[in-house]
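>>> Build me a structure from this.
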Amino acid sequence: MDDKSIFSRHVVNISPAPSTFGMLARVKEKERRGERVIDMSIGEPDIDTPEPIKEAAMKALRDGKTHYSPSAGIPELREAIAEFETKRKGVPISPGEVIVMPGGKPVLLYLLLALTDEGDEVIYFEPGWGSYRVMLEMLLVKPVPIRTTEAEGWRINTAELAQRITERTRFIIINSPNNPTSAVASLADLEEIARIVQDHPRLLVLSDEVYSTLVYEGAQHHSILSLPGMKERTVLMESLSKAFAMTGWRLGYGIFPEPMVKCVVNLISNTISCTNTFVQYAGLAALTEALPEIERLRAIFQARRDLLVKLLRDIRGITFVEPRGAFYAFVNIKGTGMSSEGFSDMLLEEHSVATVPGTSFGPSGEGYIRFSFATKLENIEEGIARFKKAVEGRSTL
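The predicted model follows:
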């Protein structure tokens, strides 16, 4: 069916952009043909899920945890999340404010369903995770991107933020550590955002902190939820995918202001019913038996990050801001004279290295490509060696 007239505006409004999963499909096809591809595209830990988590899931299956569970999540997991986040945030979080979901993305989706009508606006910072714009367009909400720049270290532009808020603005999305730039928001910038938000009584913040356990080089993760007066104005979006190498388990959670919980749980009940029950018991084990895995994984990514930075520094014709969080490097390839998508395609087809073009993260990502260092050290060495060859063959600098 190619006739767009049969589809709703929720579908046809979505802006076309290269996606990380589109690149993954191309990589798998090349591998199926027997080609060796260095995949530095997908934002997924290559490390296996820790054993205590897998054992808990298998025990839950054997114990018959295969039926419906409460739409907000099993009580034991909500309690564990509340305890975990209370310690990390330094403010009391109750189990009743926690809603368990199948991954982090549903937090944004249900927040949009709960708060926005057609024509409302949501502000986010760009380059930014591609699903922000797509979900807004799906719900007929106006995306309001605010550009950040390499020259300013991808720092949040709080001055422009204050100017872009209108009476239709429902919430602001903050993502720190950031995908794709790996920037970490400073406490001072978050305090300024909090001040701006508190000037607008109806305005909320969605704080996307799925990479919060992955910070490097003395960087410190701060949450706007922890600031005075902001717990009641903030929805926290979190996931166990990155901290515990659980991407395929699809387990995340939101922390909502108490008045919003009933509404969001009602939406879940009438759409997906609940999050996979036995997977929730695996999540419970992650937060009660596997917490040391957080630092073990962070140390592995620190070593990979350090190697990637060292190798990139030796390449003429590119620039980049050193990653301070997450597991990405957002590299400026404007010196090649090629577009982001053209360079990324060439790198895959001619050098068998998979990356994500910067335009996947919005128009301001043109001239950049994103490398994921969620892969083995030897793959990073080989992948960047191939990248160096590609750059030096085309550099105009």
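
>>> Mind jotting down where the helices sit in this structure?
9-12, 20-32, 51-62, 75-89, 105-115, 130-138, 158-164, 187-198, 258-269, 277-289, 292-313, 340-351, 377-392 (DSSP state H).

>>> rank those helices by mean pLDDT and give me the bottom one.
Of all the helices of the chain, mean pLDDT reaches its minimum on helix 20-32 (a mean of 77).

>>> Buried residues, that one. List them.
Neighbour-count burial for helix 20-32 flags 20, 23-24, 27, 30 (criterion: 16 or more other CB atoms under 10 Å). All C-beta spots, glycine's among them, are computed from the backbone N, C-alpha and C.

>>> How about stretch 324-341?
324-336, 338-341.

>>> Could you do stretch 197-208 as well?
Buried residues in stretch 197-208 (16+ other CB under 10 Å): 197, 203-208.

>>> Would you map out the domains in the chain?
8-48+293-391, 65-289 (automatic domain parsing).

>>> Among the buried residues of helix 20-32, which one lies nearest to residue 126?
residue 20 (16.2 Å; CB to CB).

>>> Which of the buried residues of stretch 324-341 fall within strands?
Taking DSSP state E, the ones among those that sit in strands are 328-332.

>>> picking up where we left off before, quickly compare the helices of the chain and say which is most buried.
helix 277-289 (a mean of 22; mean count of other CB atoms under 10 Å).

>>> Output it as CSV, restricted to C-alpha atoms.
The C-alpha atoms that make up helix 277-289 are tabulated as CSV, following Å, rounded to 0.1, in the frame of the first residue of the first chain:
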residue,chain,number,x,y,z
THR,A,277,6.1,-9.8,34.5
PHE,A,278,9.1,-12.1,34.6
VAL,A,279,11.3,-9.4,33.2
GLN,A,280,10.3,-7.2,36.2
TYR,A,281,11.8,-9.8,38.5
ALA,A,282,15.0,-9.6,36.5
GLY,A,283,15.0,-5.9,37.1
LEU,A,284,14.4,-6.4,40.8
ALA,A,285,17.6,-8.6,40.9
ALA,A,286,19.5,-5.9,39.0
LEU,A,287,18.7,-3.3,41.7
THR,A,288,19.1,-5.7,44.7
GLU,A,289,21.8,-8.2,43.7
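
>>> Okay, residue 142 and residue 42: tell me how far apart.
Note on residue 142: its distance to residue 42, by CB to CB, to the nearest Å, is 30 Å.

>>> How many neighbouring residues does the spatially closest residue to residue 212 that is not a sequence neighbour have?
Spatially, and ignoring its direct neighbours in sequence, residue 212 is nearest to residue 221 (4.9 Å; CB to CB, 6 or more residues apart in numbering). Residue 221 sits with 17 neighbouring residues when counted by other CB atoms under 10 Å.

>>> Next up, the contacts around residue 221.
176-177, 184, 209, 212-213, 215, 325 (CB atoms under 8 Å, 6 or more residues apart in numbering).

>>> can you redo those residues as TSV with pLDDT and distance to residue 237?
Conversion of those to TSV gives the following (pLDDT from 0 to 100; distance: CB to CB, whole Å):
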residue	pLDDT	distance to residue 237
176	98	11
177	98	13
184	98	16
209	98	7
212	97	10
213	97	14
215	97	17
325	98	16
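
>>> Out of those, flag the one nearest to residue 268.
residue 209 (20.6 Å).

>>> where's the closest one relative to residue 225, distance?
9 Å.

>>> what's the spacing between the nearest residue to residue 130 once chain neighbours are set aside and residue 342?
Excluding its sequence neighbours, the residue lying closest to residue 130 (CB to CB, 6+ apart) is residue 360, at 5.2 Å. Separation of residue 360 from residue 342 (CB to CB): 14 Å.

>>> Just give me the neighbour total for residue 151.
When neighbours are counted by other CB under 10 Å, residue 151 comes out with 9.

>>> try residue 167
8.

>>> For it, what are phi and psi?
In terms of degrees, to the nearest 10, the main-chain angles of residue 167 are phi -70, psi -10.

>>> list the contacts for it?
Residue 167 neighbours (CB under 8 Å, 6+ apart): none.

>>> Distance check, it against residue 136.
18 Å.

>>> Likewise for residue 193?
Residue 193 is 19 Å from residue 136, by CB to CB.

>>> same thing with residue 70?
In terms of CB to CB, residue 70 sits 29 Å off from residue 136.

>>> now swap in residue 284 and tell me
33 Å.

>>> now swap in residue 245 and tell me
Counting by CB to CB, the gap from residue 245 to residue 136 is 29 Å.

>>> Can you report how many residues lie near the residue nearest to residue 102 when sequence neighbours are not counted?
What sits nearest to residue 102 in space, not counting adjacent residues and going by CB to CB, 6+ apart, is residue 250, at 4.3 Å. Counted with other CB under 10 Å, the neighbours of residue 250 add up to 18.

>>> Now do the phi/psi pair for the residue nearest to residue 46 when sequence neighbours are not counted.
Distances taken as CB to CB, 6+ apart place residue 375 nearest to residue 46, at 5.3 Å, with adjacent residues excluded. Phi and psi for residue 375, reported as degrees, to the nearest 10, are phi -150, psi 170.

>>> So residue 89 is in contact with residue 227, correct?
No: using CB atoms under 8 Å, residue 89 is not in contact with residue 227; the gap is 10.0 Å.

>>> which residues of the stretch 101-250 of the chain fall in strands?
Secondary structure of the stretch 101-250 of the chain (DSSP state E, counting those that start in this stretch): strands at 121-126, 142-147, 169-175, 204-208, 234-239.

>>> Out of those strands, the one nearest residue 94 is which?
strand 234-239 (13.2 Å).

>>> could you give me the average pLDDT of that closest one?
98.

>>> ok now that strand, how far from the chain's centre?
Between the centre of strand 234-239 and the centre of its chain there are 11 Å (CA atoms, centre = their mean, to the nearest Å).

>>> partners of it, with directions?
Applying DSSP bridges, strand 234-239 is found paired with strand 204-208 (parallel), strand 252-255 (antiparallel).
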